[in-house]
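Visitor: Okay, here's the prediction I keep looking at, along with the sequence it came from:
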Amino acid sequence: MVRAPCCEKMGLKKGPWTPEEDRILTNYINLYGHGNWRALPKQAGLLRCGKSCRLRWTNYLRPDIKRGNFSREEEDAIIQLHEMLGNRWSAIAARLPGRTDNEIKNVWHTHLKKRLNQNQASTLVTKPLKIQRDHGQENYVNPVTYPDTVKLESPQHSSSDISTVTTTTTTMEADDALDNYFPEVDENFWSDIFSDHNSGVISGFPAAAHVENIHGYNSSKPDGMDFWYHLFTTAGGLPVLPEF
DNA sequence: AAAGCCTACAACCGCTCCATG
DNA sequence: ACATGGAGCGGTTGTAGGCTT
């Protein structure tokens, strides 16, 4: 199949976006949405190709994007997710609210790969990974089973506080395990969190489902992974994820 | 002060996937 | 079943700004 040229068409601009272009694109999408990316630039009056517009919007202009440095918790989550998913940046981004695949990819190549190399022998990513669940609580999560045991390592508790529950030997799909600890989030993530927060239930986050109230988290808008980190610690600690 | 190097990150390229006719 | 086009994805590049010498 012959590929249509993208930005090589006469008059189409490439390179960095100007504030004026950003404003035009943002205004247009706010007014009309983006039904057809290819048609959008023409309708909006931009001398860009649709692909360029889409990337600019999804990676930079979207209102739900969280700007700024990655927290340590986010970096740790990326490392763990990369362990499980490899270079599937969009899949990783789907589990980090407010972060884009491009951003995560950049952070990986500029910071984390380096950090991981330095810490090659450290215990950040533990192998083989055993998962234990603490509390042994009934109806704790959905009735999934794990290939091994699940361990929630709590920074606040000594290891003796963690009771081990060895689960059945039924194999759980890797994606299910992943979803259990890093559920995908969408554009409704924060509104869902808030509505569920009010009712004491966090949807889409079964590992914390037994946390009836989010104690001690007093914030008008929880900050992405910091919020998750709080949930993890409230639920018993950061999970050490299994290797698949 | 300036040249060279390094880092971070925005943006592009080319491929694949998927929906549609 | 196949061709086509739009959208999404991961890899790569370009470049601005900071740092070092």
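Guide: Received, thanks.
Visitor: What residues does chain A have near DNA strand B?
Guide: Proximity of chain A to DNA strand B (C-beta under 7 Å from any atom of the strand) is limited to residues A:3, A:6-8, A:13-17, A:48, A:51-52, A:55-56, A:59-60, A:69, A:102-103, A:105-107, A:109-111. To be clear about C-beta, it is placed using only N, CA and C from the backbone, and glycine gets the same treatment.
Visitor: which of those count as buried?
Guide: The neighbour count (16 or more other C-beta atoms under 10 Å) marks A:17, A:48, A:52, A:55-56, A:60, A:103, A:105, A:107 as buried among those.
Visitor: can you list the weak-confidence ranges in chain A?
Guide: Within chain A, the stretches with pLDDT under 70 are A:1-11, A:117-244.
Visitor: interface residues of it facing DNA strand C?
Guide: Counting by C-beta under 7 Å from any atom of the strand, chain A sits next to DNA strand C at A:1, A:4, A:15-16, A:34-38, A:50-51, A:54-55, A:58, A:87-91, A:101-102, A:105-106, A:109.
Visitor: what's in contact with stretch A:13-27?
Guide: A:7, A:44-48, A:52-53, A:56-57, A:60-61 (C-beta atoms under 8 Å, 6 or more residues apart in numbering).
Visitor: For those residues, which two are the farthest from each other?
Guide: Using C-beta to C-beta, the pair of the contacts of stretch A:13-27 lying farthest apart is A:G45 and A:Y60, separated by 19.2 Å.
Visitor: Spatially nearest residue to A:L116, not counting backbone neighbours?
Guide: Distances taken as C-beta to C-beta, 6 or more residues apart in numbering put A:I79 closest to A:L116, at 6.3 Å, once the chain neighbours are dropped.
Visitor: Next secondary structure element downstream of whichever strand or helix holds that neighbour?
Guide: If you go by DSSP states H and E, A:I79 is part of helix A:72-85. Later in the chain than helix A:72-85, the nearest helix or strand by DSSP H and E is helix A:89-93.
Visitor: can you list contacts of that next one?
Guide: A:78, A:81-82, A:85, A:99-105, A:108.
Visitor: Tell me the one of those nearest DNA strand C?
Guide: Proximity of the contacts of helix A:89-93 to DNA strand C (C-beta to the nearest atom of the strand) peaks at A:D101, which lies at 4.7 Å.
Visitor: quick one, what contacts that closest one?
Guide: A:89-90, A:92-93.
Visitor: mind putting those in CSV, neighbour count included?
Guide: Output for the contacts of A:D101, formatted as CSV (neighbours: other C-beta atoms under 10 Å):
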residue, neighbour count
A:W89, 21
A:S90, 12
A:I92, 23
A:A93, 22
